[in-house]
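[1] curious how this folds, go ahead:
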Amino acid sequence: MSEQPLNPTTAPAPDSGTADEATPADPPATGSVTEAPVGDTPATDVHTAGPGAEAPAAEAPVTDTHAADAPAVDSAMVHASATGSTAADVPADEAAALRAASFERARRMRQEPRFPGGPAADPAGSHHERRIRSFQPRRSRVTTGQQEALERLWPKWGLDIDGKRVLDLDQLFDGLPVVLEIGFGMGEATAQMAADDPGTGILAVDVHTPGQGNLLGLADRAGSTNVRVANGDAVILLREMLAPETLDGLRVYFPDPWPKARHHKRRLIQPEFLDLVAPVLKPGAIVHCATDWEPYAEQMLEVLTAHPRFENTAADGGYAPRPAFRPLTRFEGQGLDKGHVVHDLLFARV
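    Residues are numbered from 1 along each chain as shown. Next up is the predicted model:
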């Protein structure tokens, strides 16, 4: 296909030795979770920047010095250096013990919040099964403004997806109808939708720490009190933390398309995902997806059409026009200027 996607920064890099399957030079916009194969290191901080990922206001970036971001250091070499010997002089069993202790320290650090009182690094912990997930690890810098917003606003508007409780959405949003948004990038589009429709609560899920801080700051500056930011795996949220028929809608805008054929299993919109979504949606609630990646749009349409709990709102059974409430973002506008096609899909829960 000749059409190229919107966002040139977010598609996964090609695996070594697979140049014939390299990702197109102009990868797609992504605003949702991306998936990692079974057996990969559990994700702690990702979510690619979506089409609404406008550059945040100019602030001096603060490099996150969390131990998980630091390169691994061979403890045996450090020990040898400290004692004036060489690594070869350290007994094998002692070197193994030093490495094990180093890895354990790094593991504990990865599980600690990046900011006191802020989003947890691994909120659900390791008691949940390993499976193909909708995100993969990635670290990014956090600006001073984002850090301030996380430290100040997370206790009030943030929550970790720990799988240990069922959320009371009426209490969380003061009785407002609630839509769930999975993957919000840097949060510009989410903040705008919240400001434009203060009568609807938005439960916005992502694991990208800079985006979480940015969205909290944007909502606060706009005076919007109808946004809550959830940190963690959206599958655990849907499966374990939402009561039946409590959501008024679901939004998945520009999720990672995983363009390689062998990676299609990692795409978020799958029959099994819709099986989790359907029970927590109220009858008539709208599932709204958007993508600029044509093959993924076709898969979305096929999967949603085939599911017995959803019905296409488009009279012709195809794609829908972009609703006025979904903002046209900067990245999306750039793509449209280049001739890219963005498809919206709106299906009602039956």
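[2] relative to residue 244, how far out is residue 251?
    Distance of residue 251 to residue 244, given as Cβ to Cβ, to the nearest Å: 20 Å. (Glycine included, C-beta is placed from N, CA and C.)
[3] and these two? which has more neighbours close in?
    residue 251 (24 against 10; other Cβ atoms under 10 Å).
[4] need the pLDDT of that one.
    According to the prediction, residue 251 has pLDDT 98.
[5] over to residue 18?
    38.
[6] now do residue 89
    The score at residue 89 is 69. That number is its pLDDT.
[7] which residues of the stretch 51-200 of the chain fall in helices?
    Using DSSP state H, counting those that start in this stretch, the helices of the stretch 51-200 of the chain run over 75-83, 92-110, 144-157, 169-172, 188-196.
[8] what does the longest strand belonging to the chain rub up against?
    Selection of the longest strand in the chain by residue count, based on DSSP state E, yields strand 281-291. With contacts defined as Cβ atoms under 8 Å, 6 or more residues apart in numbering, strand 281-291 is touched by 28, 245-255, 257, 269, 274, 277, 297, 300, 304, 310, 313, 322-323, 326, 342-350.
[9] and with 7 Å instead?
    Outside strand 281-291, the residues that touch it by Cβ atoms under 7 Å, 6 or more residues apart in numbering are 245, 247-255, 257, 269, 277, 297, 300, 310, 326, 342-350.
[10] cool, and stretch 203-220?
    43, 45-47, 56, 114, 119, 135, 140-142, 145-147, 149-150, 153-154, 157, 178, 180-188, 190-191, 194, 227-232, 234, 237.
[11] which among the residues you listed count as buried?
    Buried members of the contacts of stretch 203-220, counted by 16 or more other Cβ atoms under 10 Å: 43, 45-47, 56, 114, 119, 135, 140, 142, 145-147, 149-150, 153-154, 157, 178, 180-188, 190-191, 194, 227-232, 234, 237.
[12] re the thing from before, tell me the strands beside the longest strand of the chain, with direction?
    Next to strand 281-291 in the sheet, as set by DSSP bridges, lie strand 247-253 (parallel), strand 343-349 (antiparallel).
[13] model confidence over the last one, on average?
    Yep, that's strand 343-349 we're talking about. Averaged across strand 343-349, the pLDDT comes to 98.
[14] then it to PDB, C-alphas only?
    Below are the C-alpha coordinates for strand 343-349, written out as PDB (Å, rounded to 0.1, in the frame of the first residue of the first chain):
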ATOM      1  CA  HIS A 343     -10.700   6.400   9.500                       C
ATOM      2  CA  ASP A 344     -13.200   6.700  12.400                       C
ATOM      3  CA  LEU A 345     -15.300   3.700  13.500                       C
ATOM      4  CA  LEU A 346     -18.300   4.100  15.800                       C
ATOM      5  CA  PHE A 347     -20.100   1.000  17.100                       C
ATOM      6  CA  ALA A 348     -22.900   0.800  19.600                       C
ATOM      7  CA  ARG A 349     -23.000  -1.800  22.300                       C
END
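[15] need the residues that contact that strand.
    With contact meaning Cβ under 7 Å, 6+ apart, strand 343-349 is reached by 278, 281, 283-291, 297, 300-301, 304, 309-314, 319-323.
[16] shouldn't residue 258 be in contact with residue 269?
    No. If you go by Cβ atoms under 7 Å, residue 258 and residue 269 don't touch, sitting 11.0 Å apart.
[17] state the distance from residue 221 to residue 206.
    Distance, residue 221 to residue 206, by Cβ to Cβ: 19 Å.
[18] and residue 266, by the same measure?
    Distance of residue 266 to residue 206, given as Cβ to Cβ: 17 Å.
[19] which one of these two is surrounded by more residues?
    The neighbour comparison of residue 266 against residue 206 (other Cβ under 10 Å) goes to residue 206, with 32 against 22.
[20] look up which residues are beta-bridged to the more buried one.
    Assessed by DSSP bridges, residue 206 has beta-bridge partners residue 231.
[21] do you know the pLDDT at it?
    94.
[22] what does the one 4 residues further on give?
    With respect to pLDDT, residue 210 scores 93.
[23] name the helix or strand for it, please.
    Under the criterion of DSSP states H and E, residue 210 resides in helix 209-222.
[24] in that helix, what's buried?
    Buried residues in helix 209-222, counted by 16+ other Cβ under 10 Å: 209-220.
[25] contact partners for residue 166?
    241, 243.
[26] distance of it from residue 279?
    Going from residue 166 to residue 279 by Cβ to Cβ gives 13 Å.
[27] again with residue 270
    Distance of residue 270 to residue 279, computed by Cβ to Cβ: 16 Å.
[28] now residue 240
    In terms of Cβ to Cβ, residue 240 sits 12 Å off from residue 279.
[29] which one is residue 222 nearest to, not counting chain neighbours?
    Excluding the flanking residues, the one nearest residue 222 by Cβ to Cβ, 6 or more residues apart in numbering is residue 195, at 4.6 Å.
[30] number of residues surrounding the one you found?
    Neighbourhood size, residue 195 [other Cβ under 10 Å]: 16.
[31] can I assume it is in contact with residue 225?
    No. The criterion here is Cβ under 7 Å, and residue 195 misses it with residue 225 at 10.6 Å.
[32] which residues touch residue 163?
    Contact analysis of residue 163 by Cβ under 7 Å, 6+ apart lists 124, 128, 236, 240-241.
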